[in-house]
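Student: starting from these lines, generate the structure:
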Amino acid sequence: MTLRTLPFVFAYLTSTLIASATLVAQPVPAPKPPNSAAVTIGETVRASASKSTVQIAEPFTIRLEATVAPGSVVEFAQYATESSFDSESNPALGVFDVLSVQTATDLPSDDPDSPLRIWSQTLSLESLQVGHHSIPAIRVTVRKGDLSRTLTTKPIPIEVQSVLQGDDEPLRKIADPIDPDTETSISTSGLHWTWWVLIGIAVISIAALARFWQQRRNTPLRWCRTELAKLEETSNLESPLNQIAVLREILRTSVSIDRGVFTQSPSTRQLIDACQGIAEHLVFANCERVLKYADQCKFAGNRSSSDNASSANLPTPSSLEKQLADAIAETHSLLDHLGGRQRKDA
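Tutor: Presented below is the predicted three-dimensional model:
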């Protein structure tokens, strides 16, 4: 190596050292966080009202429906029913009082190809405050293992009208000023009209109050009869599990008329025993069969497809249709028994 080549060698070594230091100092990229969006894919909650305009003390329903992944558990809010007319008894629903609560848990989706499950809660409400109100946003909690997520509905506007709203025009016509030149005193006929108006107002108020108390007493039984009639009109069995779920809610509401609302969802055995305790002379064998059929389908749906055919032991469509019709007839007898008992108590 000569003196002439020494600067070139020194420059080569310097550039090599700088490149090595750059590689060593380059930061290592941080690992990406795991994708947590997959936990909540497909989870939704919606709320719908049966009416947007109601009269004072007229019951209506709010239905909450949560669509969640299999294996999830939905926790709905708990409400006191018919405990007080004060809105503070149910602060989450403002001016609306909760008459009854029905909950359907872990039902299959209407789409047979979808693995999602349906959880629903139906609230029967009424209000004694006239005006434009709204059902506030309602939160539900979805849990799966150690993970949880809160879903929130949108507020629903509800108008509450008075039973006398729109009927006060005759009263305004009566209230026209009296001409002092033609009337110097109140005539006897004028007094008669005044008395008739006061009597009419009193009769209307008494009728409205009687209607209000009758609605509060008969609301659950009337709801059961209406839903049972709808169920009876359904002639196809495209979604038998949904029909049986409605029948279960009717039976549970019927039991609550006599024995109070269940604190939690009862088993099939508990529900049939409660019905038998109300009407000992009636038989609920077909109700028990179709409810157990739904339990078997739910159990089979949680197992592998290779075990379904051998473990479910499900009835044929023709026998299921007859059992469901007989179960509806048995439920009719239960509602007639409860209606007769209410008339006797009245």
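
Student: use CA for all of it now, contacts and neighbours both
Tutor: Will do.

Student: need the contact list for Gly145.
Tutor: Residues near Gly145 by Cα atoms under 8 Å, 6 or more residues apart in numbering: Ser72.

Student: may I have the phi/psi pair for it?
Tutor: Reported as degrees, to the nearest 10, the phi and psi values for Gly145 are phi 70, psi -130.

Student: same thing with the one 5 residues further on?
Tutor: Reported as degrees, to the nearest 10, the phi and psi values for Thr150 are phi -100, psi 130.

Student: the nearest residue to Cys224 once chain neighbours are set aside: which element?
Tutor: Computed as Cα to Cα, 6 or more residues apart in numbering, the closest residue to Cys224 that is not its neighbour in sequence is Ile250, at 5.4 Å. Here Ile250 sits within helix 240-259, counting by DSSP states H and E.

Student: pLDDT of that helix, averaged?
Tutor: For helix 240-259, mean pLDDT is 86.

Student: and it, which residues are buried?
Tutor: 240-257 (16 or more other Cα atoms under 10 Å).

Student: what lies in contact with the helix or strand just after that helix?
Tutor: On the C-terminal side of helix 240-259, the closest following helix or strand by DSSP H and E is helix 268-278. Among residues not part of helix 268-278, those counted as contacts by Cα under 8 Å, 6+ apart are 251-252, 255, 258, 282-284, 287-288, 291-292, 334.

Student: same check, this time on stretch 241-250
Tutor: Contacts of stretch 241-250 (Cα under 8 Å, 6+ apart): 102-104, 107, 224, 227-228, 231, 290-291, 294, 324, 328.

Student: any chance of those residues in a markdown table, plus pLDDT?
Tutor: Shown next, in a markdown table, are the contacts of stretch 241-250 (pLDDT from 0 to 100):
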| residue | pLDDT |
| --- | --- |
| Gln102 | 89 |
| Thr103 | 90 |
| Ala104 | 90 |
| Leu107 | 88 |
| Cys224 | 90 |
| Glu227 | 89 |
| Leu228 | 90 |
| Leu231 | 86 |
| Val290 | 91 |
| Leu291 | 92 |
| Ala294 | 87 |
| Leu324 | 90 |
| Ile328 | 91 |
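
Student: out of the contacts of helix 268-278, flag the one nearest to Ala137.
Tutor: Among the contacts of helix 268-278, Arg252 lies closest to Ala137 (Cα to Cα), at 27.0 Å.

Student: residues near the nearest residue in space to the closest one that is not next to it in sequence, how many?
Tutor: Using Cα to Cα, 6+ apart and skipping the chain neighbours, the partner closest in space to Arg252 is Leu271 (6.8 Å). Using other Cα atoms under 10 Å, Leu271 has 20 neighbouring residues.

Student: now do Leu271, the pLDDT please.
Tutor: 91.

Student: next one: the one 5 residues further on
Tutor: Gln276 is assigned 91 on the pLDDT scale.

Student: could you do the one 10 residues further on as well?
Tutor: At Asn286, the model reports a pLDDT of 92.

Student: tell me which element the residue lying closest to it once chain neighbours are set aside is part of?
Tutor: Nearest residue to Asn286, sequence neighbours excluded (Cα to Cα, 6+ apart): Ala327, at 4.8 Å. Element membership for Ala327 (DSSP H and E) is helix 317-345.

Student: give me the three-state assignment for Asp106.
Tutor: Here Asp106 is recorded as strand under DSSP: H, G, I helix; E, B strand; the rest coil.

Student: surely it meets Gln121?
Tutor: No. Judged on Cα atoms under 8 Å, Asp106 makes no contact with Gln121 at a distance of 11.5 Å.

Student: of those two, which one has the most company?
Tutor: Asp106 (20 against 17).

Student: will you turn the contacts of helix 268-278 into CSV that also has distance to Glu58?
Tutor: Formatted as CSV, those follow (distance: Cα to Cα, whole Å):
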residue, distance to Glu58
Leu251, 23
Arg252, 22
Val255, 23
Asp258, 22
Leu282, 33
Val283, 34
Phe284, 33
Cys287, 31
Glu288, 34
Leu291, 32
Lys292, 36
Leu334, 25
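
Student: for these, work out which two are farthest apart.
Tutor: Most distant of the contacts of helix 268-278, by Cα to Cα, are Asp258 and Lys292, 23.7 Å apart.

Student: convert the C-alpha atoms of stretch 132-146 to PDB, please.
Tutor: Taking C-alpha atoms only, stretch 132-146 is exported to PDB below (Å, rounded to 0.1, in the frame of the first residue of the first chain):
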ATOM      1  CA  HIS A 132     -94.900  15.500  23.300                       C
ATOM      2  CA  HIS A 133     -92.500  13.200  25.100                       C
ATOM      3  CA  SER A 134     -89.900  10.600  24.000                       C
ATOM      4  CA  ILE A 135     -88.700   7.200  25.100                       C
ATOM      5  CA  PRO A 136     -85.000   8.000  25.900                       C
ATOM      6  CA  ALA A 137     -82.100   6.000  24.600                       C
ATOM      7  CA  ILE A 138     -81.900   2.600  26.300                       C
ATOM      8  CA  ARG A 139     -78.700   0.800  26.900                       C
ATOM      9  CA  VAL A 140     -78.100  -3.000  26.800                       C
ATOM     10  CA  THR A 141     -74.900  -4.800  27.700                       C
ATOM     11  CA  VAL A 142     -73.600  -7.700  25.500                       C
ATOM     12  CA  ARG A 143     -71.100 -10.100  27.200                       C
ATOM     13  CA  LYS A 144     -69.100 -12.900  25.700                       C
ATOM     14  CA  GLY A 145     -66.500 -14.500  27.900                       C
ATOM     15  CA  ASP A 146     -64.400 -11.700  29.400                       C
END
